[in-house]
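J.: When you get a sec, could you give me coordinates for this:
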Amino acid sequence: MVKRVGEALEDTGIWPITWPVRLWIVQPLGETGNWNQRHYPYRLLAHRIRVLEETDAHRALGAAGRDVLDVIQQQIPERAVCWAADWDADPEGMRQRQWNWEQCGGRTCGSGRWATSVALTTSHARRESAAQTWIEHLARRAVDQALTDTDASMYAYSYAYGRATGHAVAAQHHGRLDAYVLDALRGTGLDTPTAVARQNPAAECAQDLTGIRELTARAAPPA
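T.: Numbering: from 1, shown residues only. Predicted structure coming up:
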């Protein structure tokens, strides 16, 4: 058993990850404990349990699980085809734009790498780390299914994976993080024609890092 629903998918032994799952609310009976309070604070062991009710599976994906599933099941499949096509149409140009997105933040949007770190920290603070792991796996699986009958390259797949997981995780934390972080997770600007490669991305990164540092402290809410 786990104490928080966002941890329900931790160490389930389910592989490959599939959806949907079944989720129950239970009551421990008698003495309880766990292996180690320091290393397994989210676990609760009991000799007997009482099953109270089955609950909606989407709750295992966090507080915004329903919205996450909408992104994964309804939005990613169509977008994945476009992302892969964009990459294969201009691999070198997209590689530069992706590098800019990952490394360089600005006044309206942080860097992708920084935003990913903020999301991981937020998931840990909200005790939804297991939920985020499953969300990312489900997003990548949606990409695989969408690109099955295409001739997308290996690099196009990789690019689509990154975009899909970013969109799904942004849905997970939509009500917690501000647009500066969420837009970075979604890769805002990568899909627009105006988001061309910068002439000197390294210089712009150095100029933008100050603003990113100032915003880091307010991006992740307290536990």
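J.: Looks to me like A63 is in a strand.
T.: No: A63: not assigned to a strand; according to DSSP: H, G, I helix; E, B strand; the rest coil it is coil.
J.: Going forward, count from 6.
T.: That works, and once the first residue is 6, the last one we named lands at A68.
J.: This structure: strands as residue ranges?
T.: 28-38, 50-60 (DSSP state E).
J.: Out of those strands, which is closest to T138?
T.: For the strands of the chain, distance to T138 was read as CB to CB. The smallest value, 16.1 Å, belongs to strand 28-38. Any C-beta I mention is one placed from the backbone N, CA and C, and that applies to glycine too.
J.: Mind listing what's buried along the closest one?
T.: By neighbour count on 16 or more other CB atoms under 10 Å, the buried set for strand 28-38 is L28.
J.: neighbouring strands for that strand, and are they parallel or not?
T.: strand 50-60 (antiparallel) (DSSP bridges).
J.: Next, the buried residues of stretch 182-199.
T.: Quick answer for stretch 182-199 (16+ other CB under 10 Å): L182, Y185, V186, L187, D188, A189, L190, R191, G192, T193, G194, L195.
J.: no no, stretch 48-59
T.: Quick answer for stretch 48-59 (16+ other CB under 10 Å): R48, A51, I54.
J.: Find the residue closest to the first one in space, skipping its chain neighbours.
T.: If you skip the residues right next to it in sequence, R48 has N39 as its closest partner in space, 4.3 Å away by CB to CB, 6 or more residues apart in numbering.
J.: ok, back up a step: to T170, which of the strands of the chain lies closest?
T.: Minimum separation from T170 across these (CB to CB) falls at strand 28-38, 22.5 Å.
J.: tell me the pLDDT at the residue of the chain most remote from its centre?
T.: Largest separation from the mean C-alpha position in the chain: G35, at 37.6 Å (CA atoms, centre = their mean). Residue-level confidence at G35 comes out at 87, pLDDT.
J.: any idea how far S116 is from it?
T.: Distance of G35 to S116, computed by CB to CB, to the nearest Å: 51 Å.
J.: And A69, by the same measure?
T.: For A69 relative to S116 (CB to CB), the value is 23 Å.
J.: Report the central residue of the protein.
T.: V174 (2.7 Å).
J.: was I right about that residue contacting Q137?
T.: Yes: applying CB atoms under 8 Å as the test, V174 and Q137 come out as touching, 6.2 Å apart.
J.: intersection of neighbour lists for the two?
T.: By CB atoms under 8 Å, 6 or more residues apart in numbering, V174 and Q137 have these common neighbours: A124.
J.: Which residues are in contact with the nearest residue to the residue nearest to the centre of the chain once chain neighbours are set aside?
T.: Distance criterion CB to CB, 6+ apart; nearest residue to V174, sequence neighbours excluded, is A124 at 5.0 Å. Contacts were defined as CB under 8 Å, 6+ apart; by that measure A124 touches Q137, V174, A175, Q177, H178, L182, V186, L190.
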